[in-house]
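J.: what follows is a predicted structure for the sequence shown.
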Amino acid sequence: MTKADDFDLQDFLPYLLNQAADASSNGFQSYYKAKYGMLRTEWRVLFHLGRYGRMTAKEICARAGIHKTKVSRAVRALEQKRYLTRTEVPKDRRHEELQLTRQGQAAYGDLSLEAKRYDRALMSQVPAAQRDMLRACLRQIADMRNPDA
């Protein structure tokens, strides 16, 4: 038996994290997709604008860790759905500031409440004594992609 034979995909951390992400996001995904016709990147862009206010697409990319092409597509889709507006940045016309419309703010409010409810339901499956540790470990792993954070 070689060392390679000892490898168990089921215990490989990246695989486990991916499986957990898929399993944990499916319920919430079905909500925002059915109610708002949004894709994952769209609700993430919407959430950043709702939480932090007016931002550029570049700022969203940096804060959310999403590739600029995906953010660009999401912005276009959210604009078509009338959830956000774009305003040219006076000092640099290559950039636009994005801001939620009233309709976008309403969607953000509803999705925030649903996200909190969904999070509580998910975490209720984890023993109370382990919840803070789970969040801390996941934050630590997530911060690995952003060593300066």
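T.: Arrived safely. Residues are numbered from 1 along each chain as shown.
J.: which residue ranges of this structure form helices?
T.: 13-36, 40-52, 57-64, 68-80, 102-123, 128-143 (DSSP state H).
J.: out of the ones you listed, which comes closest to residue 90?
T.: helix 57-64 (16.2 Å; Cβ to Cβ). C-beta here means a position set from N, CA and C on the backbone, and glycine is covered the same way.
J.: so what touches stretch 54-69?
T.: Residues outside stretch 54-69 that contact it (Cβ atoms under 8 Å, 6 or more residues apart in numbering) are 41, 44-45, 48-49, 52, 71-72, 74-75, 89, 95-99, 145-146.
J.: between the helices of the chain, which one is closest to residue 3.
T.: Nearest to residue 3, of all those, is helix 13-36, at 17.5 Å by Cβ to Cβ.
J.: just to revisit the earlier point, output the helices of the chain as CSV; include the columns mean pLDDT, distance to residue 5 and mean neighbour count.
T.: Shown next, in CSV, are these (pLDDT from 0 to 100; distance: least, Cβ to Cβ, whole Å; neighbours: other Cβ atoms under 10 Å):
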stretch, mean pLDDT, distance to residue 5, mean neighbour count
helix 13-36, 93, 17, 13
helix 40-52, 97, 37, 20
helix 57-64, 94, 39, 17
helix 68-80, 97, 38, 17
helix 102-123, 97, 35, 14
helix 128-143, 93, 27, 11
